[in-house]
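J.: Can you look at this prediction? I've put the sequence above it.
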Amino acid sequence: MNDASDIQEADVLVVGGGLHGTSSAFHMTKRGVKVIVLEADYVARHSSGVNAGGVRTLGRPVPEIPLALMSREIWHSMTDLIGEDGGFVASGQLKIAETDDELDACRQRVALLESHGFTHEKVIDRETVLELEPALARHVTGGIWAERDGYALPFKTTTAFRLAAQKLGARFLEGTPVRRIEQRGTRWFAYTPRGTFSAEKLLVTAGAWSGELAKQAGEAVPVHPEGLMLMVTHRVAPFCRATLGATGRPLSFKQFDNGTVVIGGKLIGIADLANRHGEVDFVRLVKSARTVTDLFPHLKHLGVNRAWAGVEAFTEDELPVISASRTASNLYYSFGYCGSGFQLGPGCGKLVSELMLDGAPSISLDAFAIDRFGRDAASAQADATQLITH
């Protein structure tokens with residue numbers, strides 16, 4: 001146990017320096033809170049630095065949509081907030097249908113959203129798709145278009161939130177993995193190889209490593225790690241303006257101003273949690289490259305410049321955990337974004353700061369409660385029992 005005089009203190013400890021950790025730290029320091037961020041590797045090392053950068057409201061699970069729409073407004077005015085746009089480009093996002101059945105699925109999706117009052121996704125026909133992206137293969141049948149979506153640069157965005165938080169007084173300690181958390185009296189303690197840190201409130205935004213810390217607080221979450229991959233091609237003449245996805249196969253695709261093409265889309269590689277390392281699985285990358293050449297045949301001979309991987313947390317119901325602890329006071333979580341957390345970062349950081357400082361966020365986070373897994377299992381068990389007894 002460290003001597004009390006060695007303990008570094010703050011109002012809030014944030015465990016994890018990805019986009020959600022840095023954004024939450026920024027929104028709290030903006031309100032005069034003293035924050036220390038503890039990062040095991042370096043800021044934006046894993047999912048925040050190796051995702052495809054999609055600023056995407058399109059295709060999200062219904063419970064996430066209010067968060068995504070709120071966050072998208074922040075993206076459009078990011079410079080006003082943090083003095084930097086994170087490389088955001090409002091390119092629009094297009095999800096391509098390649099068969100009539102896929103186009104039907106697109107129509108059903110948009111009808112579902114409209115029944116919930118959401119109108120940000122629009123079904124478009126083949127002609128409109130080819131008007132937007134003339135280089136696409138002729139077999140496309142239509143798709144869904146979200147005009148205010150786009151993309152940004154993950155590392156640049158996360159770093160911008162970090163610098164904005166630091167300017168307001170937040171401290172960031174890299175190479176400082178939190179091995180153990182513990183509440184003593186009214187304070188939380190985080191034990192690291194670089195000493196002990198203490199605060200009244202603790203936020204866990206440690207991505208794939210969050211489940212272990214939640215378990216220490218008595219909250220087991222069905223979460224597992226995946227290695228997410230990206231590849232970047234050599235430069236090629238401009239041919240694609242929108243950010244693209246596909247209806248029938250995984251794809252996230254965009255061309256930058258310098259001519260390179262970034263290909264992602266929840267490409268799952270190999271996750272080595274213990275060694276904090278993601279590895280590229282080239283067999284899966286080949287499959288993704290084939291999707292790209294099916295949609296843009298003229299790219300057949302384009303070379304890949306590099307590929308890389310990071311580690312991300314996936315939950316069993318494919319929704320994140322954004323929640324106050326149900327077992328301890330002043331403990332909060334924001335993790336398990338299942339490879340789709342980048343767009344949500346600016347908005348969720350704001351909501352988490354409201355949850356922690358005001359006791360309630362301005363948009364409900366009930367769907368993301370940490371105890372929902374136990375509740376769902378208990379409710380399924382109750383239903384089964386009822387069926388048997390009747």
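T.: Arrived safely, thanks for sending.
J.: Go ahead and confirm T141 touches I124.
T.: No. Checked against Cβ atoms under 8 Å, the pair T141 and I124 is beyond contact range at 10.6 Å. From N, CA and C alone the C-beta is placed, and that goes for glycine too.
J.: Mind listing the shared neighbours of these two?
T.: Shared contacts of T141 and I124, defined by Cβ atoms under 8 Å, 6 or more residues apart in numbering, are absent.
J.: Could you tell me the end-to-end distance of stretch 356-368?
T.: 15 Å (Cα to Cα, to the nearest Å).
J.: Give me the contacts around it.
T.: Contact with stretch 356-368 is made by 12, 24, 28, 31, 33, 63, 66-67, 70, 201, 203, 319-323, 332, 350-352, 354-355, as judged by Cβ under 8 Å, 6+ apart.
J.: Out of those residues, which sit inside helices?
T.: 24, 28, 66-67, 70, 350-352, 354-355 (DSSP state H).
J.: which of those has the most neighbours?
T.: Among the ones in helices among the contacts of stretch 356-368, S24 has the most neighbours (other Cβ atoms under 10 Å), with 30 neighbours.
J.: on that earlier part again, what is the nearest of the ones in helices among the contacts of stretch 356-368 to P193?
T.: Relative to P193, the closest of these is S24; by Cβ to Cβ it sits at 23.7 Å.
J.: mind listing what the closest residue in space to A97 that isn't next to it in sequence touches?
T.: When the adjacent residues along the chain are set aside, A97 lies closest to L103, with 4.1 Å between them (Cβ to Cβ, 6 or more residues apart in numbering). L103 makes contacts with 97, 123, 141-143, 247, as judged by Cβ under 8 Å, 6+ apart.
J.: Most neighbours among those, please name it.
T.: The residue in the contacts of L103 with the most neighbours, by other Cβ under 10 Å, is G143 (29 neighbours).
J.: In contact with that residue: list those residues for me.
T.: Taking Cβ under 8 Å, 6+ apart, one finds 94-97, 103, 106, 123-124, 129, 247 in contact with G143.
J.: mind listing which of those are in strands?
T.: Among the contacts of G143, DSSP state E puts 94-97, 123-124 in strands.
J.: which stretches of the stretch 51-200 of the chain form strands?
T.: 54-55, 93-97, 122-125, 142-146, 150-151, 171-173, 180-184, 187-192, 195-204 (DSSP state E, counting those that start in this stretch).
J.: most packed of those?
T.: Of all these, strand 54-55 has the most neighbours on average by mean count of other Cβ atoms under 10 Å, namely a mean of 28.
J.: Kindly report the domain assignment for the protein.
T.: With domains defined by automatic domain parsing, the chain comprises 4-52+155-222+317-385, 93-147.
J.: Now the contacts of L103 in TSV, please, with extra columns for distance to G169 and pLDDT.
T.: Shown next, in TSV, are the contacts of L103 (distance: Cβ to Cβ, whole Å; pLDDT from 0 to 100):
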residue	distance to G169	pLDDT
A97	49	97
V123	48	98
T141	54	97
G142	51	98
G143	46	98
T247	46	92
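J.: so which of those residues comes closest to Q8?
T.: Once Cβ to Cβ is applied, the member of the contacts of L103 that ends up nearest Q8 is T247, at 50.2 Å.
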